[in-house]
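1. just to be clear, the model below is a prediction. Sequence and coordinates:
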Amino acid sequence: MDHVTGRQAIIQDHAAFLEGTHDFQADIAMLAGSNLIGTILETVMLATNMRFAAVARVTADRWVACRTIDEVNFGLKAGDEIEIESTFCQSVHKTSNKVVFNDAATDEVYGGHPIAARFGIASYASIPIHRSDGTFFGTLCAIDNEPRDVKHPRAVAMLEMFADIIGQSLETEERLEAHELMVAHERELTRIQEEFVAVLGHDLRNPVAALDAGFRQLGKERMTERAQIILPMMRSSLRRMNDLIENIMLHAKARLGGGIRISAEMDAPLAGAVTQVVEEIRAASPDHQIALDMAIDRPVSCDAQRVAQAVSNLLSNAVRHGTQGARVHVHGGLDDRGVVISVTNEGPPVPAELQNELFHPFRRGTHAAGEGLGLGLYIASSIATAHNGCIEVTCEGGTTTFSFRLPLLTSVAPANRTQEIWKAG
C-alpha cells in the first residue's frame, strides 16, 4: 500500500480484502457475498451489452470496487482502489447526479474527457446509490471500450431501479448482520452465564455438605427444647439448598453437555426410589400431609434415581403452592399409556396460558412466593423427555395434578405395591 498526500487516502487492493484488513472490509464483504448484487450486475451487462459492471464504495476521497464483473480486462476486483480524481464517480458523489454517455468521442458533455481517454472508455454509466436514509453510499457502474446505447431511457430507468434496490438491500443486509452479531453475543453471554452457574453450583456443594455433617453431629448431642425445634427447621432449609444445587447442576450439565443423561436399568427399583424422596420431603415438611400409593405390576426400564428426582421436584412444587394443611397425594400406577406417577395438590388452578411456560427454565407461576429458581419443573420435564416420556398438568375440581409418564416394557414381573398415609406430630 502506498501512502499519498492531499485529499487522496491510502490506496488498497484486492489482497487487502482477502487478508481482511481493508478499510472498507465490511462493505466489500457484504456486497461481494450477495447473490442479489451478482444477479443485478449480470442483468445490467445483458441488458446494455456493456462488458464491465461494478458496485463501488465512493467517498469524498476514495473509490473502491466492492463487486465487479469484468469482461474487458480492466483488472479491477473486489477491494481494488483507484484514485478518486481518475473517476467520473467523484462528480456523482459531489452532485448525486448520474453520469451517462454512449460514446466519449461524440458526447456533447464528455466528448474528449481526459478520464475517458486515459482508460479507453467509450460508453459509460454511473448511477448514485443512496441508503434508505438518503446518505450516499457509492455507485452502480457500467463501462465498455466500445460505444453502447446506454442512454436509452429504458436502460437508464433500469439502472436507476437497480441502484435503488441495492440501496434498500444495504440496510437489510446491515440489519441482518447486526442481528447475527447480537445473537452470537447473546449465545456467548448465555454460555458464560451457564458456566458460571455450573461452577457456582459445584462450589456450593462443599460448604453445604459441611453444614449437613455438622447438623448430623448436633443431632447426637443433648439439646434444649428450643434447639430440638430449631435443628429440624435448619435441616429442612439445608435440604432445600441441596435441591436447588442439584437442579442448578443438572440444568448446567443439560445445557453445556447437550441434554440430561440417564442410566436406565431394565427393572429399576422405582418404587423404592420414589418412596425415599417422599420420606425426605415428609421429614422436611412436617406440617403437610402426604399420601403415597405405589401400584406397579410390570418392570419399568428407567433411571430410578433421576425419576425420583423429578418426582421430588413435582412434590416440592405441590407442597409450596398447594393449600396449607391440605393433603398432597403421590400415586404410581399403570394406565393404557404406560407408567404414570402423579402428584396432586389442592389449591388455585394454574392458568391455562402458564401451564406450558412452567416447564421452561427460570419460569414460575404468578403466585410463586419468591423462593426457588424456577428450575424444578423444567428439570422434571427434561428427565421425562430423556426417558421418552412426558409430564402433563391438569387442573379440575380445585386440584392440580402433575403426571410423570414413562413408556412400559412388555414383560411381566411380580407386583410391587406400597401404600401409606403419613403425617408428623
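-> Here it is on my side, so go on.
2. what about T59, how many residues nearby?
-> As a burial measure, T59 scores 16 neighbours (other C-beta atoms under 10 Å). (Glycine included, C-beta is placed from N, CA and C.)
3. apart from its neighbours in sequence, what residue is nearest it?
-> H93 (7.2 Å; C-beta to C-beta, 6 or more residues apart in numbering).
4. remind me which residues of the stretch 101-250 of the chain are low pLDDT?
-> Low-confidence segments of the stretch 101-250 of the chain (pLDDT under 70): 173-174, 176-180, 190-203, 205-206, 247.
5. quick one: the helices in it?
-> For the stretch 101-250 of the chain, applying DSSP state H, counting those that start in this stretch gives helices covering 114-119, 153-219, 225-257.
6. and for the shortest one, what's in contact with it?
-> In this case it means helix 114-119. F74, S86, T87, F88, A104, Y110, I121, A122, Y124 (C-beta atoms under 8 Å, 6 or more residues apart in numbering).
7. change it to 6 Å
-> S86, A104 (C-beta atoms under 6 Å, 6 or more residues apart in numbering).
8. which positions within it qualify as buried?
-> Buried positions in helix 114-119, judged by neighbour count with 16 or more other C-beta atoms under 10 Å: I115, A116.
9. next one: that helix to chain centre, how far?
-> Relative to the mean C-alpha coordinate of its chain, helix 114-119 is positioned 53 Å out (C-alpha atoms, centre = their mean, to the nearest Å).
10. extract the C-alpha set from that helix and format it as CSV.
-> In CSV, the C-alpha atoms belonging to helix 114-119 read as follows (Å, rounded to 0.1, in the frame of the first residue of the first chain):
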residue,chain,number,x,y,z
PRO,A,114,-9.3,13.1,-20.1
ILE,A,115,-10.6,10.3,-17.8
ALA,A,116,-12.3,8.6,-20.8
ALA,A,117,-9.2,9.0,-22.9
ARG,A,118,-6.9,7.7,-20.1
PHE,A,119,-8.7,4.5,-19.6
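11. about what we covered before: in CSV: the helices of the stretch 101-250 of the chain, plus distance to N145.
-> Below are the helices of the stretch 101-250 of the chain laid out as CSV (distance: least, C-beta to C-beta, whole Å):
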stretch, distance to N145
helix 114-119, 8
helix 153-219, 18
helix 225-257, 61
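12. tell me which of the ones you listed lies nearest to S403.
-> The minimum distance between S403 and those falls on helix 225-257, with 20.2 Å, by C-beta to C-beta.
13. how about whatever helix or strand comes next after that closest one: buried residues?
-> Downstream of helix 225-257, the next assigned helix or strand under DSSP states H and E is helix 270-284. Residues of helix 270-284 classed as buried by neighbour count (16+ other C-beta under 10 Å): L270, A271, A273, V274, T275, V277, V278, E280, I281, R282, A284.
14. host element of the residue nearest to T59?
-> Assigned by DSSP H and E, H93 falls in helix 89-95.
15. so for that helix, what's the average pLDDT?
-> If you average the pLDDT over helix 89-95, you get 90.
16. tell me how far it lies from the chain's centre.
-> In terms of C-alpha atoms, centre = their mean, the centre of helix 89-95 is found 44 Å from the chain centre.
17. with stretch 285-295 instead?
-> With C-alpha atoms, centre = their mean as the basis, stretch 285-295 stands 41 Å off its chain's centre.
18. just stretch 67-76 next, same as before
-> The chain centre lies 41 Å from the centre of stretch 67-76; the measure is C-alpha atoms, centre = their mean.
19. and the strands in the stretch 1-150 of the chain?
-> Using DSSP state E, counting those that start in this stretch, the strands assigned to the stretch 1-150 of the chain run over residues 52-58, 63-70, 81-82, 99-101, 123-130, 136-144.
20. looking at those strands, spot the one closest to D297.
-> Ranking the strands of the stretch 1-150 of the chain by proximity to D297 (C-beta to C-beta) places strand 63-70 first, at 72.0 Å.
21. identify each buried residue in the closest one, please.
-> Neighbour counts over strand 63-70 (16+ other C-beta under 10 Å) mark W63, V64, A65, C66, R67, T68, I69 as buried.
22. list the neighbouring strands of that strand plus their orientation.
-> In the sheet, strand 63-70 lines up against strand 52-58 (antiparallel), strand 81-82 (antiparallel) (DSSP bridges).
23. where among these is the average confidence lowest?
-> Minimum mean pLDDT among the strands paired with strand 63-70: strand 81-82, a mean of 90.
24. helix, strand or coil for A295?
-> For A295, the assignment made with DSSP: H, G, I helix; E, B strand; the rest coil gives strand.
25. what about it, distance to G332?
-> The spacing between A295 and G332, counted by C-beta to C-beta, to the nearest Å, is 7 Å.
26. do the same with V350
-> 22 Å.
27. show me which of those two is the more surrounded one.
-> Each of V350 and G332 has its neighbours counted (other C-beta under 10 Å); G332 has more, 24 against 19.
28. I'd say that one and V340 touch.
-> No. Taking contacts as C-beta atoms under 6 Å, G332 lies outside contact range of V340: 7.4 Å.
29. list residues touching both of the two?
-> Common neighbours of G332 and V340 are not found (criterion: C-beta under 6 Å, 6+ apart).
30. helices of the stretch 301-425 of the chain, residue ranges please.
-> Here the stretch 301-425 of the chain has its helices, by DSSP H, counting those that start in this stretch, at 304-321, 352-355, 376-386.
31. lowest-confidence stretch among the ones you listed?
-> Taking the mean pLDDT of the helices of the stretch 301-425 of the chain, helix 352-355 comes last: a mean of 77.
32. may I see the buried residues of it?
-> Neighbour-count burial for helix 352-355 flags Q355 (criterion: 16+ other C-beta under 10 Å).
33. which strands and helices lie in contact with that helix?
-> Taking 3 or more C-beta pairs under 6 Å, 6 or more residues apart in numbering; DSSP states H and E as the contact definition, helix 352-355 has no neighbouring helices or strands.
34. can we start the residue count at 31 from this point?
-> From this message on, residue numbering opens at 31, which makes the last subject helix 382-385.
35. skip the chain neighbours and tell me the closest residue to Q55.
-> Among residues not flanking Q55 along the chain, F47 sits closest, at 6.6 Å (C-beta to C-beta, 6+ apart).
36. A84 contacts W93, correct?
-> No. A84 lies out of contact with W93 (C-beta under 6 Å); the separation is 10.1 Å.
37. chain center to stretch 135-145, what's the gap?
-> 57 Å.
38. scratch that, stretch 172-188 is what I was asking about
-> From the chain centre to the centre of stretch 172-188 is a distance of 47 Å (C-alpha atoms, centre = their mean).
39. what comes up buried for it?
-> Buried residues in stretch 172-188, counted by 16+ other C-beta under 10 Å: A172, I173, D174, N175, P177, R178, V180, A185, V186, M188.
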